[in-house]
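A.B. asks: Give me the fold of what follows.
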Amino acid sequence: MFIKPFKVKSNSQLKGTERKKLCEEILATYPSLIEEIQSLLPKKESISLMKIVTYSGQMGKIYCVAKIPMFFQLDSYNLLFPTIYTLWHHPHLINTFTMHSAVLSKLAGGADLMLPGLVLKEPVTLYSFGKLPKGSPVSINTEENKATVAVGITALSSEDMYLAAGHGKCVEIFHVIGDMLCQLGKPPLKPDLGPPNNDPTSISENDQSNNQQTIVDQTEVLPIKLEQLDIDEDSNDIAEDETVSKEYLEEIENVEAENVESLQTIESETVDPVQEMDQLLEYCFLKACKTTIKSSDLPMLSSNFFKNHLLVVCPPGKNVDVKKSRYKKLSIFLAEMKAKGIINTSITKGVETLLSIKFDHPLLKELIVNEEPIVAEPVVSNSAVVSECYKVTADVLPVLSKFGYEKGDVMKRVDIRKCFTEYVKAEDLQNGKTLKLNPQLAGIMRTKAHQETVTMEDGINKFIGRMTHMHEVTLAGNTLLHTGKLEPIDMRVTVRSGGKKVTLVNNLETFGINLKEFSKECQSIGASATITDDPGKKTPSVLVQGNQILYVYKLLTGNNLIIKIIEGDDASIIHTETFSKKKRLMTCIVLTIRKTL
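C.D. replies: Here you go, the predicted structure:
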């Protein structure tokens, strides 16, 4: 699962409520950790959630404590799996199999654990493999060291393993020592926990029935801490073991040979790309005629049919490109569909029109839509929302680190107030509206030596004042962070050489507005618009020919690009200058209404 690199979609730090929810989920899955949950997830250590996509396309989550992966979860399995680092501290957390040391190199190469690779106590009985159903989470260790080296799920039930007579797959491996999951953060040292118990599978009847409840009481306290652990393999652990069954190695080779044959078969059956595009084009055409077009919609330009109907019904993950098909042009494709009697078209002055569709045609009746209807995604507002936020600095870190925040994290004022209030309550510093200053708060707020108390509100404001003031600008789902003073959008009319008036619009990029796209929108009124460097301005401006103050203003507000003001600020984002008394009056009225709203 993690042998090959995986793609990280997001990596965020868990907040207080999320940490509590994670603890509850871990305890629900592994009740034996109720005594150890605080040491496993220390309050002073940060916990991060990493959402990933594996090389095979499977979605998953990785929970890291102090940047060390401790648990992972796959969407196809509704269960939290412990990593080998967690199992080094809690070796009896899940059921364990013991394998020959020489098999480890096979697992590190991406193979699953086969039955011949297990170390079993003779004679083999029905209960030598425990009492596990298929798909149970298990860990793997070696005959020389009971420290876990791999995690996976059983490929067969315990009864089926016994009936397999030592042949076939035993465990499907998800995570093995040395894989890409082990490369996250600074890997700990692998401990030497001694050889496994006399029963190599570490599964007895009593252990199986009381695994989650009582086994933790029998676990020895490990003398080596997590930060002292290492994943480096001892040379003895990977040395060839002459006692390994030859049947296991032969079975691995047979599985690899079968995989190679299956890959060759798939390659031989690969569809020609041109033929595949032809099939996709015809499928989308028939689907559009059957599902999206009504008789009342006709006649219709063929270009509108292609853009508004045929492309819209294309299956997710695929793209229709007529140039990559054997038709090369849409008109040629429609001519063939007309020859089959599905549609009727006409061409007038080089413009093709779709006149009618034969909805009772056999091809339309026999068409089966394979994919499920696409659920409409929530519409992302184009409104630019500007809000104040603050960056965690070294001054306030001693307080905010107690709540899981790190230097450089961005927080809203309400979150800072909540953390500050909880800190004051924990230290018993509040007396009504008065805040007693302890040495830590006095150092952060830099109060005078003789000052011992401040009002609660002043304390919060001074605390926030030691953080970096920022603005968060959200536009069309994109978020931008701006440090310092947020300059408003500036529109002004100036006169260039020859007495020509031009309109200059500055600071658009501050609000995430693309200058090239905005200049194209301005050209819709017939006036040229370019991007230029305005003297005295730090950022490029959009220059529009003529006095276009009102047009640009309507373009911004009419398309809901800029409609809100900075929270806590009375000044409007858009400032305008005009040379016409009438236009100035109109602009002032609009701005006054917006401020009132």
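A.B. asks: among the helices and strands of the chain, which one scores worst on average pLDDT?
C.D. replies: Lowest by mean pLDDT, DSSP states H and E among the helices and strands of the chain is helix 215-218, with a mean of 38.
A.B. asks: Sticking with G60, tell me its helix or strand.
C.D. replies: Element membership of G60 [criterion: DSSP states H and E] is strand 59-65.
A.B. asks: how about the strands of the stretch 51-200 of the chain, start to end?
C.D. replies: Secondary structure of the stretch 51-200 of the chain (DSSP state E, counting those that start in this stretch): strands at 59-65, 68-74, 77-82, 95-99, 113-114, 137-142, 150-154, 169-176.
A.B. asks: Now do the fourth one: which elements does it pack against?
C.D. replies: It stands for strand 95-99. Here strand 95-99 touches strand 137-142, going by 3 or more CB pairs under 8 Å, 6 or more residues apart in numbering; DSSP states H and E. Heads up, the C-betas are built off the backbone N, CA and C, glycines and all.
A.B. asks: now, of the strands of the stretch 51-200 of the chain, which is deepest in the fold?
C.D. replies: The highest mean neighbour count among the strands of the stretch 51-200 of the chain, using mean count of other CB atoms under 10 Å, belongs to strand 113-114: a mean of 26.
A.B. asks: Can you list the strands that that strand pairs with?
C.D. replies: Partners of strand 113-114 in the sheet, by DSSP bridges, are strand 169-176 (antiparallel).
A.B. asks: who's in contact with the strand it pairs with?
C.D. replies: Strand 169-176 has contacts (CB atoms under 8 Å, 6 or more residues apart in numbering) with 1-3, 72, 74, 81, 83-84, 97, 107-108, 111-115, 117-118, 138, 140, 149-156, 161, 181.
A.B. asks: If we use 6 Å, what do you get?
C.D. replies: 1-2, 107-108, 112-115, 138, 150-155, 181 (CB atoms under 6 Å, 6 or more residues apart in numbering).
A.B. asks: just curious, which of these is nearest to S303?
C.D. replies: Using CB to CB, M1 comes nearest to S303 of the contacts of strand 169-176, at 47.0 Å.
A.B. asks: pLDDT below threshold where in the stretch 201-350 of the chain?
C.D. replies: Residue ranges of the stretch 201-350 of the chain with pLDDT under 70: 201-271.
A.B. asks: Now do the helices in it.
C.D. replies: Assigned helices in the stretch 201-350 of the chain, in chain order: 205-209, 215-218, 246-268, 273-291, 302-305, 330-339 (criterion: DSSP state H, counting those that start in this stretch).
A.B. asks: Next one: the residue nearest to Y77 when sequence neighbours are not counted from Y283, what distance?
C.D. replies: Spatially, and ignoring its direct neighbours in sequence, Y77 is nearest to I153 (7.3 Å; CB to CB, 6 or more residues apart in numbering). Remark: distance between I153 and Y283 (CB to CB, to the nearest Å) = 38 Å.
A.B. asks: got it, and K425?
C.D. replies: 64 Å.
A.B. asks: Comparing these two, which residue is more hemmed in?
C.D. replies: Set K425 next to Y283 and count neighbours by other CB atoms under 10 Å: Y283 wins out with 18 against 10.
A.B. asks: Next, the contact list for that one, please.
C.D. replies: Per CB under 6 Å, 6+ apart, neighbours of Y283: none.
A.B. asks: How far off centre is the helix or strand harbouring I416?
C.D. replies: Assigned by DSSP H and E, I416 belongs to helix 413-427. Taking CA atoms, centre = their mean, to the nearest Å, the mean C-alpha location of helix 413-427 is offset from the chain mean by 29 Å.
A.B. asks: For that helix, name the packing helices and strands.
C.D. replies: When contacts are defined as 3 or more CB pairs under 6 Å, 6 or more residues apart in numbering; DSSP states H and E, helix 413-427 packs onto helix 456-465.
A.B. asks: report the angle between the axes of the helix it packs on and helix 413-427?
C.D. replies: Here the directions of helix 456-465 and helix 413-427 differ by 120 degrees (axes from the mean of the first three to the mean of the last three CA atoms, to 10 degrees).
A.B. asks: looking at it, I68 is touching G185, isn't it?
C.D. replies: Yes: assessed by CB atoms under 6 Å, I68 is found in contact with G185 at 5.0 Å.
A.B. asks: can you pull the pLDDT of the closest residue to M1 other than its chain neighbours?
C.D. replies: Closest residue to M1 apart from its sequence neighbours, by CB to CB, 6+ apart: F174 at 4.3 Å. We have a pLDDT of 91 for F174.
A.B. asks: and F174, how far is that from L27?
C.D. replies: From F174 over to L27 (counting by CB to CB), the distance is 22 Å.
A.B. asks: Could you tell me which ranges of the protein sit under the pLDDT cut-off?
C.D. replies: 198-271, 370-384, 475-478, 525-526, 557-597.
A.B. asks: Any figure for the gap between D278 and F285?
C.D. replies: D278 sits 11 Å away from F285, going by CB to CB.
A.B. asks: So the two - more neighbours on which side?
C.D. replies: Between D278 and F285, F285 has the larger neighbour count (other CB under 10 Å), namely 22 against 17.
A.B. asks: ok, back up a step: between the strands of the stretch 51-200 of the chain, which one is closest to N319.
C.D. replies: Closest approach to N319 among these is made by strand 59-65 (22.8 Å; CB to CB).
A.B. asks: Neighbouring strands of that closest one in the sheet, and parallel or not?
C.D. replies: By DSSP bridges, strand 59-65 pairs with strand 47-53 (antiparallel), strand 68-74 (antiparallel).
A.B. asks: Distance to A335 added to those strands, as JSON lines?
C.D. replies: Below are the strands paired with strand 59-65 laid out as JSON lines (distance: least, CB to CB, whole Å):
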{"stretch": "strand 47-53", "distance to A335": "43"}
{"stretch": "strand 68-74", "distance to A335": "50"}
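A.B. asks: Understood, closing this out.
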